[in-house]
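Peer 1: Here is a sequence with its predicted model. Questions after.
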Amino acid sequence: MNNLVSEIKKLVELNKDKYEELADFLWNNPEIGLLEYKSSDKIKSILSEAGFNIEDKVGGIDTAFFASYGSGKPVVGLSCEYDALPGLSQRSDTYEKCPVEEGAAGHACGHNLLGSGVVGTALVLKDYMDKYNLKGTIKLLGTPSEERDACKTFLGRDGYFDDLDFALTWHPESANRIWGGGSLANTIAVFNFKGKSSHAAAAPHLGRSALDAVELMNVGVNYLREHIIPEARVHYAYLDVGGNAPNVVQPTASIYYFMRSPKIEDSTEIYKRIIDIAKGAALMTQTQVEVDLKAAIADYLPNRTLSKVLYESILEYGVAEFDEEDFEIASNYFKTFDDETRNAGIKNTEKFFGKEKAAEMLNKGLTTEMRPYSGEFEEIEVITSDVGELSHYTPTAQMFMATSAIGTPLHSWQMAAQANTSIAKKGLDATVGALALTAIKAMQDPDTIKKAQEELFSEVGKYKTPLPDEVKLRNPKVEP
Ligand SMILES: [Zn+2]
């Protein structure tokens, strides 16, 4: 073990209690997007006590904050999330679906770990900077409501990421790996139709049905699907169907659309075509349509230069080391998956480690090695994350560390349960060490930062989001 790694291990040990307690606190107080008051207060108090400077309510968002330490360049962004998911409350002392509180929120995406891991990284990095007089600024980005509102979209558009030299983050998962591929961009909009109510039997000719308009719009979009790029994904959900009486012409109807594709430009293009379809449906039904754009989340651009440093750092620092007790817990959760989920976990492990090694890991229920990283742009993942947005403004690298049994789906009760186990804590410790090591290495090497920035700016130039200035974050108290 080299000196730097052993020094970081010592600092991780010194800060462990603080960030592990934070992980428990967040898990025990799950709060959904934009309502993460207790969670953000707790994080701010830990960092402020450690000497960080807090900039509160960034961008006018109550639960957004930045915590900075140090001064001058380089400015290291550490992306921190702490929102939970509605309806996914789950106990961690059982191998059955069983909520702590019926209908309550739960950390089924493990953001209690994500948040505390990033806070731990900031604390370790600060201690190292103090001890070795390392110059630069840590900027922990407290970005709320990743799951639903993609807050980073708004913060990025409003210039809050412009001073960053590079950014790092992680996400809990069931594998140890670099996020080497992109993600799907997502343009999100609600189409609100207004018609005219009337007695459906006695005076149908006086009514104009908003529900008809939405149905025609969806038919139009179904035909559109044949003529967009095959990687695109277009989905919808009804928000308002205008009532439940067949005998009344429905005067209002609203539909919620996700328009995803591997590049934000393609999502924007599909969105424009869907607006035309909505207008066509309104014309056919003599109704009016109003388009409410909610977000335009860019695809993830893995910065290869920075991802390579992160990859080497994880190999040097070491992935989570589990023991027999962890293997037993993981195997018990693995048994709760249905056949399809289990098989997907098995296939995925075999794909990256070969049959023999995969069988060894599957026997333990946990990923015990780092997945190889090519250093090139890898396969696109069919998910969306607002880290994609951050990655367009500053070179960004993200890692995943195993904190749950092989094959555990995100947003499942099993993920929520395992986010509060010894498995999660070990994944957390290894993450804090690897992220701190990466940050220190990059801070000490201006050439790496320069190369990472050149890579980003040669690909996207100065990013301009398609989200207009007038689109504001929704108000959680009045909007669904
Ligand atoms: Zn997540």
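Peer 2: Thanks, I have the structure now. Residues are numbered from 1 along each chain as shown.
Peer 1: which parts of stretch 71-78 are buried?
Peer 2: 74-78 (16 or more other CB atoms under 10 Å). C-beta here means a position set from N, CA and C on the backbone, and glycine is covered the same way.
Peer 1: and those as TSV, adding distance to G354?
Peer 2: Shown next, in TSV, are the buried residues of stretch 71-78 (distance: CB to CB, whole Å):
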residue	distance to G354
P74	39
V75	41
V76	36
G77	36
L78	35
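Peer 1: mind putting those residues in a markdown table, distance to D326, secondary structure and pLDDT included?
Peer 2: Output for those, formatted as a markdown table (distance: CB to CB, whole Å; DSSP: H, G, I helix; E, B strand; the rest coil; pLDDT from 0 to 100):
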| residue | distance to D326 | secondary structure | pLDDT |
| --- | --- | --- | --- |
| P74 | 37 | coil | 98 |
| V75 | 37 | strand | 98 |
| V76 | 31 | strand | 98 |
| G77 | 32 | strand | 98 |
| L78 | 27 | strand | 98 |
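Peer 1: Of the residues you listed, just say which sits nearest to M361.
Peer 2: L78 (29.7 Å; CB to CB).
Peer 1: isn't the closest one right up against G142?
Peer 2: No - applying CB atoms under 8 Å, one finds L78 not in contact with G142, separated by 9.7 Å.
Peer 1: Could I get the full set of strands for the stretch 351-480 of the chain?
Peer 2: Using DSSP state E, counting those that start in this stretch, the strands of the stretch 351-480 of the chain run over 378-381, 396-402.
Peer 1: The residue sitting nearest the centre point of the chain: what's its closest spatial neighbour, skipping adjacent residues?
Peer 2: The centroid of the chain falls nearest to S385 when counting by CA atoms, centre = their mean (4.1 Å). Sequence neighbours aside, S183 is the residue nearest to S385 in space, at 5.7 Å (criterion: CB to CB, 6 or more residues apart in numbering).
Peer 1: now do A150
Peer 2: Using CB to CB, 6+ apart, the closest residue to A150 is D386 (3.9 Å).
Peer 1: these two touch, right, the one you found and C151?
Peer 2: Yes - judged on CB under 8 Å, D386 makes contact with C151 at a distance of 6.7 Å.
Peer 1: which neighbours do these two share?
Peer 2: T143 (CB atoms under 8 Å, 6 or more residues apart in numbering).
Peer 1: and the gap between the nearest residue to H411 once chain neighbours are set aside and C80?
Peer 2: Excluding the flanking residues, the one nearest H411 by CB to CB, 6+ apart is A108, at 4.9 Å. According to CB to CB, to the nearest Å, A108 and C80 sit 18 Å apart.
Peer 1: swap in R157?
Peer 2: Applying CB to CB to R157 and C80 gives a distance of 19 Å.
Peer 1: When these two are compared, which one has more neighbours?
Peer 2: Each of R157 and C80 has its neighbours counted (other CB atoms under 10 Å); C80 has more, 27 against 21.
Peer 1: Verify the stated contact: that one with N112.
Peer 2: No - at 11.5 Å, C80 does not count as touching N112 under the criterion of CB under 8 Å.
Peer 1: list residues touching both of those two?
Peer 2: Joint contacts of C80 and N112 (CB under 8 Å, 6+ apart) do not exist.
Peer 1: how many other residues sit next to L473?
Peer 2: Neighbour tally, L473, other CB under 10 Å: 22.
Peer 1: Does it touch I61 like I think?
Peer 2: Yes - the pair formed by L473 and I61 meets the contact definition of CB under 8 Å, at 6.4 Å.
Peer 1: hey, what's in contact with both of the two?
Peer 2: By CB under 8 Å, 6+ apart, the residues touching both L473 and I61 are 34, 151, 154.
Peer 1: coming back round to it: and the residue nearest to the centre of the chain, what is it in contact with?
Peer 2: Contacts of S385 by CB under 8 Å, 6+ apart are 146, 171, 183, 297, 300.
Peer 1: tell me the pLDDT at it?
Peer 2: Confidence at S385, expressed as pLDDT, is 92.
Peer 1: L437 versus that one, what's the distance?
Peer 2: S385 is 23 Å from L437, by CB to CB.
Peer 1: now swap in D130 and tell me
Peer 2: 17 Å.
Peer 1: Then F154?
Peer 2: F154 is 32 Å from L437, by CB to CB.
Peer 1: Check the nearest residue in space to A419 that is not next to it in sequence and give its pLDDT.
Peer 2: Nearest residue to A419 in three dimensions, chain neighbours excluded: G110, at 4.4 Å (CB to CB, 6+ apart). If you check G110, the pLDDT there is 97.
Peer 1: circling back to that earlier point, which residues touch the residue nearest to S385?
Peer 2: S183 neighbours (CB under 8 Å, 6+ apart): 299-300, 380-385, 388.
Peer 1: thinking again about what came up before, the residue nearest to A150: neighbour count?
Peer 2: 27.
Peer 1: got a list of what it touches?
Peer 2: Counting by CB under 8 Å, 6+ apart, D386 has contacts 143, 146, 150-153, 297.
Peer 1: Any stretches of this protein with poor pLDDT?
Peer 2: Applying pLDDT under 70 to the chain flags the ranges 1, 475-480.
Peer 1: How is the protein divided into domains?
Peer 2: What automatic domain parsing lists as the domains of the chain is 3-183+299-460, 185-297.
Peer 1: The longest one: end-to-end distance?
Peer 2: I take that to be domain 3-183+299-460. When the termini of domain 3-183+299-460 are compared using CA to CA, to the nearest Å, they are 38 Å apart.
Peer 1: what separates it from the chain centre, distance-wise?
Peer 2: Domain 3-183+299-460 sits 9 Å away from the centroid of its parent chain (CA atoms, centre = their mean, to the nearest Å).
Peer 1: same thing with the last one?
Peer 2: The chain centroid and the centroid of domain 185-297 are separated by 27 Å, computed with CA atoms, centre = their mean.
Peer 1: Tell me, how many residues neighbour A237?
Peer 2: A237, neighbours per other CB under 10 Å, totals 10.
Peer 1: hmm, back to that, okay, D130 and L437: which has more neighbours?
Peer 2: Between D130 and L437, counting by other CB under 10 Å, L437 is the more crowded of the two (27 against 12).
Peer 1: Need the nearest residue in space to the more buried one, chain neighbours excluded.
Peer 2: S313 is the one closest to L437 (CB to CB, 6+ apart), at 4.2 Å.
Peer 1: That neighbour reaches V432, doesn't it?
Peer 2: No - S313 lies out of contact with V432 (CB under 8 Å); the separation is 11.7 Å.
Peer 1: quick one on the thing from earlier: of the contacts of S183, keep whichever come out buried.
Peer 2: Of the contacts of S183, these count as buried by 16+ other CB under 10 Å: 299-300, 380-381, 384-385, 388.
Peer 1: from the residues you listed, which is closest to E356?
Peer 2: The closest of those, once distances to E356 are taken by CB to CB, is E381, at 26.2 Å.
Peer 1: Could you give the bridge partners of that closest one?
Peer 2: S183 (DSSP bridges).
Peer 1: OK, contacts around it?
Peer 2: E381 neighbours (CB under 8 Å, 6+ apart): 179, 181-184, 300.
Peer 1: Between which two of those residues is the distance greatest?
Peer 2: Longest span within the contacts of E381, CB to CB: W179 and L184, 13.2 Å.
Peer 1: got the residue ranges for the helices in the protein?
Peer 2: 3-28, 37-49, 111-132, 151-157, 210-224, 264-285, 304-317, 324-336, 339-364, 387-393, 413-418, 422-443, 446-460 (DSSP state H).
Peer 1: Which strands and helices lie in contact with the fourth one?
Peer 2: Using 3 or more CB pairs under 8 Å, 6 or more residues apart in numbering; DSSP states H and E as the contact definition, the elements that helix 151-157 packs against are strand 288-297, helix 387-393.
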